[in-house]
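*Asks:* Give me a 3D structure for the following:
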Amino acid sequence: MVDDDKRLAAEAALGEVRDGMLVGLGTGSTVAFLIRALGERVRTGLDIEAVATSIASARAAEAVGIRVRDFAEVARVDLTIDGADEIDAQLHAIKGAGGAMLREKVVAAASTRMVVIADGSKRVAAIGAAKLPVEVLSFARRFVTARLEALGAAVTVRDGVTDNGNLILDARFDTIADPAALAAEIDAVPGALGHGLFLREVDAAYVADGGVVTRIERDQRG
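*Replies:* Below you'll find the predicted structure:
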């Protein structure tokens with residue numbers, strides 16, 4: 001059922017893709033459904049190019065016939081579609097379970113529009129229950145850990161490295177009362193390269209729950 005909802009959310013977001021677009025492809029299990037569906041449309045004539053937020057997504061897109069450009073040569077993206085670990089009614093999101101949140105945030109910033117796709121389990125009243133990933137320089141691991149602990153987090157080091165060759169610290173907070181203030185605090189820590197708080201980037205979300213897809217638009221927030 002969860003996979004069905006992921007697929008439905010991904011297919012709903014495909015309605016935003018138009019010929020001639022440069023599309024940003026996120027990372028994760030829900031985006032995997034998007035990439036497969038987008039590949040089917042490319043095979044039947046959709047004319048797009050893509051940039052990917054991870055090596056895994058780039059390879060998956062190329063495997064289904066999507067032309068993938070090097071983002072290093074790109075300044076603007078028309079539309080980015082990505083998943084989320086949590087998203088609330090204010091379109092605040094936590095991302096990064098797949099470890100690509102730094103690239104995801106860069107591509108989101110370059111995009112005219114960013115859309116999140118998710119199953120109903122990812123929709124929350126307020127973000128903060130999910131672990132907040134922070135990408136850090138290996139050189140600064142203990143220093144950044146101490147700063148996150150001082151902000152109230154329990155911190156663990158994730159195994160492996162990102163596509164950028166950096167470490168991820170997973171920060172668990174009891175609550176995140178003020179996401180914007182926390183984002184600013186982490187942004188100010190030298191050695192912390194990026195984090196999974198997406199507070200202004202998301203323009204819309206397609207959330208599927210029990211087979212029903214709901215679209216949330218930024219200009220409709222209450």
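
*Asks:* Mind telling me what element Ala146 is part of?
*Replies:* helix 141-150 (DSSP states H and E).

*Asks:* Asp82 is in contact with Val116, correct?
*Replies:* Yes - between Val116 and Asp82 a contact is recorded at 6.0 Å, counting by Cβ atoms under 8 Å. Every C-beta, even on glycine, is put in place using the N, C-alpha and C of the backbone.

*Asks:* higher neighbour count, the two?
*Replies:* For Val116 and Asp82, the more surrounded residue by other Cβ atoms under 10 Å is Asp82, and the numbers stand at 33 against 28.

*Asks:* just to revisit the earlier point, now do the buried residues in the helix holding Ala146.
*Replies:* 141, 144-145, 147-148 (16 or more other Cβ atoms under 10 Å).

*Asks:* same thing with stretch 53-61?
*Replies:* 53-54, 56-58, 60-61.

*Asks:* what mean pLDDT does that stretch have?
*Replies:* Averaging pLDDT along stretch 53-61 yields 98.

*Asks:* cool, and stretch 151-160?
*Replies:* For stretch 151-160, the mean confidence score works out to 98.

*Asks:* now the end-to-end length of it.
*Replies:* 25 Å (Cα to Cα, to the nearest Å).

*Asks:* re earlier: quick one: which of the buried residues of stretch 53-61 is nearest to His195?
*Replies:* Nearest to His195 out of the buried residues of stretch 53-61 is Thr53 (Cβ to Cβ; 15.1 Å).

*Asks:* Please put the alpha-carbon coordinates of stretch 11-26 into PDB.
*Replies:* The C-alpha trace of stretch 11-26 is given here as PDB (Å, rounded to 0.1, in the frame of the first residue of the first chain):
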ATOM      1  CA  GLU A  11       2.600  10.000 -11.200                       C
ATOM      2  CA  ALA A  12       0.500  13.000 -10.100                       C
ATOM      3  CA  ALA A  13       3.600  15.200 -10.100                       C
ATOM      4  CA  LEU A  14       4.400  14.200 -13.700                       C
ATOM      5  CA  GLY A  15       1.500  16.500 -14.700                       C
ATOM      6  CA  GLU A  16       3.900  19.400 -14.000                       C
ATOM      7  CA  VAL A  17       6.500  18.300 -16.500                       C
ATOM      8  CA  ARG A  18       6.400  19.900 -20.000                       C
ATOM      9  CA  ASP A  19       8.300  19.500 -23.200                       C
ATOM     10  CA  GLY A  20      11.600  21.400 -23.200                       C
ATOM     11  CA  MET A  21      12.000  21.500 -19.400                       C
ATOM     12  CA  LEU A  22      15.200  20.800 -17.500                       C
ATOM     13  CA  VAL A  23      14.000  18.700 -14.600                       C
ATOM     14  CA  GLY A  24      15.700  18.200 -11.300                       C
ATOM     15  CA  LEU A  25      15.500  14.600 -10.100                       C
ATOM     16  CA  GLY A  26      15.600  14.100  -6.300                       C
END
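
*Asks:* Having no further points to raise, I will conclude here.
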